[in-house]
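Student: Can you look at this prediction? I've put the sequence above it.
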Amino acid sequence: MSNNATNNTTNTKMTTKRAGEPRKRGFASMDPQQQRQIASVGGRAAHESGNAHQFDSAEAREAGRKGGEVVSQNRSHMAEIGRAGGTARAANLQEKRLQKEREEEARREAAARASSPTETTAVEPEAKPAADREPARREG
């Protein structure tokens, strides 16, 4: 098969199911169960061949120390990290201060509402029983 024929085959595989969305290929085209099964086989093979490795805490600590030494030698990078951290901290402190002010304002408003006289609607007095009423006077 010529190189041109290979390209044509590849191009036909990239046709779309939906407009603008490429067809899934490889692992992405498999169902999740099949993906797990293949990955499991690969993981077992890596352990058997000795290529798989999990860091214990001492190895991880050593790797982190070495990486930190290398990164910290780049002064401009460290300055950039420090600036970003300082900016983030300032923003967090500002947000906390504003939140505290909002809460205090809400407390003051609640206290003001509790201490101020509330609007009452006019309540009509209960009608007295006929025996307790004064007789109506006639003017004449």
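Tutor: Yep, it's here. Treat the numbers as computed from the prediction; the structure is a model and nothing was measured.
Student: Nearest residue to the middle of this protein?
Tutor: Asn92 (16.2 Å; Cα atoms, centre = their mean).
Student: State the distance from that residue to Glu80.
Tutor: 19 Å (Cβ to Cβ, to the nearest Å). C-beta: built from backbone N, CA, C; applies to glycine.
Student: Averaged pLDDT, the helix or strand where Glu59 lies. What do you get?
Tutor: Glu59 is part of helix 57-72 when elements are defined by DSSP states H and E. Confidence over helix 57-72 (mean pLDDT, whole number) is 92.
Student: State the distance from Gln33 to Lys100.
Tutor: Using Cβ to Cβ, Gln33 is found at 52 Å from Lys100.
Student: More neighbours: these two, which one.
Tutor: Lys100 (10 against 7; other Cβ atoms under 10 Å).
Student: secondary structure class for the more buried one?
Tutor: When classified by DSSP: H, G, I helix; E, B strand; the rest coil, Lys100 comes out as helix.
Student: measure it to His53 for me?
Tutor: 49 Å.
Student: The residue nearest to Ser72 when sequence neighbours are not counted: neighbour count?
Tutor: Spatial nearest neighbour of Ser72, excluding adjacent residues (Cβ to Cβ, 6 or more residues apart in numbering): Met78 at 5.9 Å. Here the number of neighbours of Met78 (other Cβ under 10 Å) works out to 12.
Student: so what pLDDT did Met78 get?
Tutor: 91.
Student: where exactly do the helices run in this protein?
Tutor: With DSSP state H as the criterion, the chain has helices at 3-13, 32-49, 57-72, 75-115.
Student: the inter-axis angle of the longest one versus helix 57-72?
Tutor: By that I understand helix 75-115. Helix 75-115 and helix 57-72 are oriented at 100 degrees to each other (axes from the mean of the first three to the mean of the last three Cα atoms, to 10 degrees).
Student: ok, now the second one?
Tutor: With the same axes, to 10 degrees as the criterion, the two stretches helix 32-49 and helix 57-72 enclose an angle of 100 degrees.
Student: Quick check: mean pLDDT of helix 32-49?
Tutor: 90.
Student: could you say what helices and strands it packs with?
Tutor: Other helices and strands packing on helix 32-49, by 3 or more Cβ pairs under 8 Å, 6 or more residues apart in numbering; DSSP states H and E, are absent; none qualifies.
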